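J.: Model the following, please.
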Amino acid sequence: MDGKRVSLLRSQTPGIEAVAADTTLTFGRHTHEQFGVGLILRGAQKSASGRGVVEAGAGDIVTVNPAEVHDGVPIGDAGRAWRMLYLAPAIVAELAADIGLPPNCEFTAPTFSDRRMVPLFGRLFRAVTAPDTGFDGLATEQALLLMLGALLQPRRGCLPAVPAGIASARAMIDDDPLAAPTLAQLAREAGLSRFQFLRGFARATGLTPHAYLVQRRIHRARQLIGSGVRLADAAAASGFADQSHMTRLFVRSFGMAPGSYAKALD
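T.: Below you'll find the model as predicted:
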């Protein structure tokens, strides 16, 4: 690595993405559609997550749940290095059931400092990314079960209910992320003033309405690129002004350009 890169590695397991990073990048507030679990190898970072502001340093395990709003800021000028695995919710649900956990399980802490997890994560990462070292599907499944069994817990209590009006306005964005609703239209759907809606939406989702719309578009573009759609076509089909607009926002969320993401999937 050149100290500035975030790279998607070739994964041998469908439904799991592997990322290796060594970077000084600051990540904006964003979400993932998968569960994420990783290991800080060098340096440290501070991040605001759905579970508070936390700091993680070398040797710490970091996690994120689907749709959890978070960011990432390096601590110090040297940046930080980490490895991350992103797991499709269906994989986690299947293995959680096998472990004996309920369907609504989650990672209950954004960081874990248990040193016993470090070699376990290392085995899992190698099993997913390095088929020539003798690892196979059995090794991956075994390592996944041990890792999730140690980190997953039943969700603590119920998630705060999203007010019906806010949920209805959010559904407008989810149903058609290519549309460009005005704040007045969304507020009208929610039955609130524009100011009330703006504050209520941010409180319920962790993002402003515009930031939420951008995230929906970024995830749509990511899905299209992953299915082989050309970058310019993915940008147009996701509501971006052009490919460069999509690229800037893609990098801000995922640390890599859409072209690098597409190339890694070839």
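J.: any chance you could map the helices in the stretch 151-266 of the chain?
T.: Ranges of helices within the stretch 151-266 of the chain are 164-175, 183-190, 194-205, 209-226, 231-237, 243-254, 258-265, based on DSSP state H, counting those that start in this stretch.
J.: where does stretch 90-100 sit relative to the chain's centre, distance-wise?
T.: Centre-to-centre, stretch 90-100 and its host chain are 19 Å apart (CA atoms, centre = their mean, to the nearest Å).
J.: Quick one: mean pLDDT over that stretch.
T.: Across stretch 90-100, the average pLDDT comes to 93.
J.: now stretch 53-62
T.: Mean predicted confidence for stretch 53-62 is 94.
J.: List every C-alpha atom in it, with coordinates, as PDB.
T.: Extracted in PDB, the C-alpha atoms of stretch 53-62 (Å, rounded to 0.1, in the frame of the first residue of the first chain):
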ATOM      1  CA  VAL A  53     -18.300   8.800  19.700                       C
ATOM      2  CA  VAL A  54     -15.500   6.300  20.100                       C
ATOM      3  CA  GLU A  55     -11.800   5.900  19.500                       C
ATOM      4  CA  ALA A  56     -10.100   2.800  18.300                       C
ATOM      5  CA  GLY A  57      -6.400   2.000  18.100                       C
ATOM      6  CA  ALA A  58      -4.100  -0.800  17.000                       C
ATOM      7  CA  GLY A  59      -5.300  -4.200  18.100                       C
ATOM      8  CA  ASP A  60      -8.900  -3.100  18.500                       C
ATOM      9  CA  ILE A  61     -11.800  -4.800  16.700                       C
ATOM     10  CA  VAL A  62     -14.300  -2.400  15.200                       C
END
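J.: What are the contacting residues of it?
T.: Residues outside stretch 53-62 that contact it (CB atoms under 8 Å, 6 or more residues apart in numbering): 36-47, 75, 82, 84, 110-115, 117-118, 121, 151. No exception for glycine: its C-beta is placed from N, CA and C like everyone else's.
J.: Sort out which residues of it are buried, please.
T.: Neighbour-count burial for stretch 53-62 flags 54, 56, 60, 61, 62 (criterion: 16 or more other CB atoms under 10 Å).
J.: Farthest pair within the residues you listed?
T.: 54 and 61 (11.9 Å; CB to CB).
J.: coming back round to it: tell me which of the helices of the stretch 151-266 of the chain lies nearest to residue 68.
T.: Per CB to CB, nearest to residue 68 of these: helix 194-205, 10.8 Å.
J.: who's in contact with the closest one?
T.: Residues contacting helix 194-205 (CB under 8 Å, 6+ apart): 69, 160, 162-163, 165-167, 169-170, 183-184, 186-187, 190, 192, 207-209, 212.
J.: Recalculate using a threshold of 7 Å.
T.: 162-163, 166, 169-170, 183-184, 186-187, 190, 192, 208-209, 212 (CB atoms under 7 Å, 6 or more residues apart in numbering).
J.: Identify the farthest-apart pair in these.
T.: Across the contacts of helix 194-205 (CB to CB), the longest gap, 20.5 Å, separates 162 and 184.
J.: more crowded one of these two?
T.: A direct count of neighbours by other CB atoms under 10 Å for residue 162 and residue 184 places residue 162 higher, at 16 against 11.
J.: tally of neighbours for the closest residue to the more buried one other than its chain neighbours?
T.: In space, residue 162 comes closest to residue 204 once its chain neighbours are excluded; the distance is 4.7 Å by CB to CB, 6 or more residues apart in numbering. Residue 204: 17 surrounding residues under other CB under 10 Å.
J.: same question, residue 105
T.: There are 21 residues near residue 105, going by other CB under 10 Å.
J.: all numbers from here: first residue = 47
T.: Understood, numbering begins at 47; the last thing we discussed is residue 151.
J.: I'd guessed it sits against residue 197; true?
T.: No - between residue 151 and residue 197 there is no contact under CB atoms under 7 Å: 9.8 Å.
J.: and stretch 121-136, which residues are buried?
T.: 125, 126, 127, 128, 129, 130, 131, 132, 133, 134.
J.: Which strand in the chain has the most residues?
T.: strand 81-95 (DSSP state E).
J.: any idea how far that strand is from the chain center?
T.: Counting by CA atoms, centre = their mean, strand 81-95 comes out at 12 Å from the chain centroid.
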